[in-house]
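Peer 1: Provide a 3D model corresponding to the input given below.
(one chain, ligands or ions: 3)
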Amino acid sequence: MENIASYIKEHKSRFIDELIDLLKIPSVSADSAYSQDVWNTAKAIEVKLQEAGCDLVEICETPGYPVVYAEKIIDPELPTVLVYGHYDVQPPDPVSLWTSDPFEPIIKKTELHPEGAIFARGACDDKGQMYMHVKAVEFMIKNNCLPCNVKFMIEGEEEVGSANLGWFVERNHDKLKNDVILISDTGMIANDTPSITTGLRGLSYVEVEVTGPNRDLHSGLYGGAVANPINILTKMIASLHDENNHITIPGFYDKVEELSIEERAAMAEAPFSLDAYKNALNIKDVYGEKGYSTNERNSIRPTLDVNGIWGGYIGEGAKTVIASKAHAKISMRLVPDQDWKEITTLFKKHFESLAPEAVTVKVTPHHGGQAYVTPIESIGYQAASKAYEKTFSKTPIPQRSGGSIPIVALFEKELESKTILMGFGLDSDAIHSPNEHFGIWNYLKGIETIPYFYKYFTELSK
Ligand code: BES
Ligand code: MN
Ligand code: MN
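Peer 2: Residues are numbered from 1 along each chain as shown. Ligands and ions are numbered 1, 2, ... in the order given. Here you go, the predicted model:
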């Protein structure tokens, strides 16, 4: 393992070039116009896994985009690490806010990435982080130091809710059998403050539609006499939070896991500067649920947010109109032990009850998933912690994240193994935003750290 640093030095420019090639393929899973590109990305990864030295590499078809599966089994008696990642990316929109083409990667220096960062959609989420694993395994195979078995499962529908991954996992229990699942699709606190993600929030994502009159109306002739769906929708949405920013849906908090005072005190020890946080976002103040800190609000507490809202006239100039319909997309981030299906039902019931007789309301659930917490006592966590200690010379801080990777809870249920989330991105890397980027230092540090996870996990498994 010790020659990983020199291997990286020798192959650094190839590692960067290969990632850039992958980033050039616009694998946007949400938009069917990119369907061929999503497939092409799967095929490109297939080739890369073969070149890395895997024995079996397959493109496994599903009812949606395929899963790329690969394995290198050196001895069935040894432990098996299953690497999960995704090759699909978020839409690049709004493209006009990018300073360079989202699918023409360029390297630029930033304040937090003085050694340069690759700017492209998917650079951090998740092509860059997924590809660190391919390169780490390449190193271990080529240098004859892979200490255990490895399997890869790289999917193409994570950004649209992993609709078919459950289907694939259910049908492939034997193939996917493993001792630990390893994922790099989260972040860490800072380059000099490594952390390991120990929790993910769950999610319920719904779309709502409020319908008033059967057609758009003149707002002078009818205004004041019929319900305006946009007025009603915004009123309904506003009522979903009270003055303390608690969510008002009856039963919403019933199952929320309450952390002990000790657990909250431990969380508060992680380094965090509220001023730096506000400065980075250009806001005068933070905003959220009364009684909780910013880090608690964005990790251990559930939320409800409008992700998009539309209706009526939004073209140039003014048009006097009462729209027939108004729409919104709403996400609820959930925490242990809220059940996403139950919460979706509670939302639907409550939201429908808010509507006056003058309109009709339709609630359409999109997708969801359960929250996840991983214990820090597991050998998987211990191995990851030792790996960071080795390459960062610091003990990583366990930290719960606010994001969601819904499939993780399903893996635990179906495959009965724990997931370890070794993320190397930063919150400021702008995932899902314009100008997404991934630090070259972070990319290479990930490649350097991952092989030690294999080493320590194998040793601790004995
Ligand atoms: N990689 C992210 C999730 C993430 C990012 C978790 C940073 C923790 C830290 C993933 O690709 C993602 O975007 N997930 C979606 C959910 C999905 C169902 C669309 C999310 O969290 O919004
Ligand atoms: Mn991701
Ligand atoms: Mn994402």
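Peer 1: For the residue in the chain that ligand 1 sits nearest to, the count of nearby residues, please.
Peer 2: The minimum distance from the chain to ligand 1, using C-beta to the nearest ligand atom, falls at residue 403 (2.4 Å). Where you see a C-beta, it was placed from the backbone N, CA and C, and this is true even at glycine. Using other C-beta atoms under 10 Å, residue 403 has 21 other residues around it.
Peer 1: so it sits right up against residue 186, yeah?
Peer 2: Yes. Counting by C-beta atoms under 8 Å, residue 403 touches residue 186, with 6.6 Å between them.
Peer 1: which neighbours do those two share?
Peer 2: Counting by C-beta atoms under 8 Å, 6 or more residues apart in numbering, the contacts common to residue 403 and residue 186 are residue 200.
Peer 1: Around ligand 2, pick out the residues from the stretch 151-300 of the chain.
Peer 2: For the stretch 151-300 of the chain, the contact set with ligand 2 under C-beta under 5 Å from the ion comprises residue 185.
Peer 1: the helices in the stretch 151-300 of the chain, which residues?
Peer 2: Under the criterion DSSP state H, counting those that start in this stretch, helices of the stretch 151-300 of the chain are mapped to 165-171, 229-238, 261-268, 274-281, 294-297.
Peer 1: out of those helices, deepest packed?
Peer 2: helix 229-238 (a mean of 19; mean count of other C-beta atoms under 10 Å).
Peer 1: what's the average pLDDT for that one?
Peer 2: For helix 229-238, mean pLDDT rounds to 98.
Peer 1: Tell me the spacing between residue 363 and residue 205.
Peer 2: 11 Å (C-beta to C-beta, to the nearest Å).
Peer 1: Looking only at neighbour counts, state which of those two leads.
Peer 2: residue 205 (21 against 17).
Peer 1: does the more buried one have beta-bridge partners, and which?
Peer 2: With DSSP bridges as the criterion, residue 205 is bridged to residue 331, residue 367.
Peer 1: Settle this for me: it is touching residue 368, isn't it.
Peer 2: Yes. Counting by C-beta under 8 Å, residue 205 touches residue 368, with 6.2 Å between them.
Peer 1: Name the residues contacting each of those two.
Peer 2: Contacts common to residue 205 and residue 368, judged by C-beta under 8 Å, 6+ apart, are residue 161.
Peer 1: domains of this structure?
Peer 2: The record's domain parsing of the chain by automatic domain parsing lists 4-200+371-460, 202-256+302-369.
Peer 1: any idea which of those is most buried?
Peer 2: Most buried among these, counting by mean count of other C-beta under 10 Å: domain 4-200+371-460, with a mean of 20.
Peer 1: Quick one: end-to-end distance for it.
Peer 2: By C-alpha to C-alpha, to the nearest Å, the extent of domain 4-200+371-460 from end to end equals 21 Å.
Peer 1: Distance from the chain centre to it, please.
Peer 2: Computed by C-alpha atoms, centre = their mean, to the nearest Å, the separation of domain 4-200+371-460 from the middle of its chain amounts to 11 Å.
Peer 1: got the contact list for the residue of the chain closest to ligand 1?
Peer 2: By C-beta under 8 Å, 6+ apart, the contact list for residue 403 reads 186, 200-201.
Peer 1: any chance of the residues you listed in a markdown table, with distance to residue 268 and pLDDT too?
Peer 2: A markdown table is the format used below for the contacts of residue 403 (distance: C-beta to C-beta, whole Å; pLDDT from 0 to 100):
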| residue | distance to residue 268 | pLDDT |
| --- | --- | --- |
| 186 | 20 | 98 |
| 200 | 20 | 97 |
| 201 | 19 | 98 |
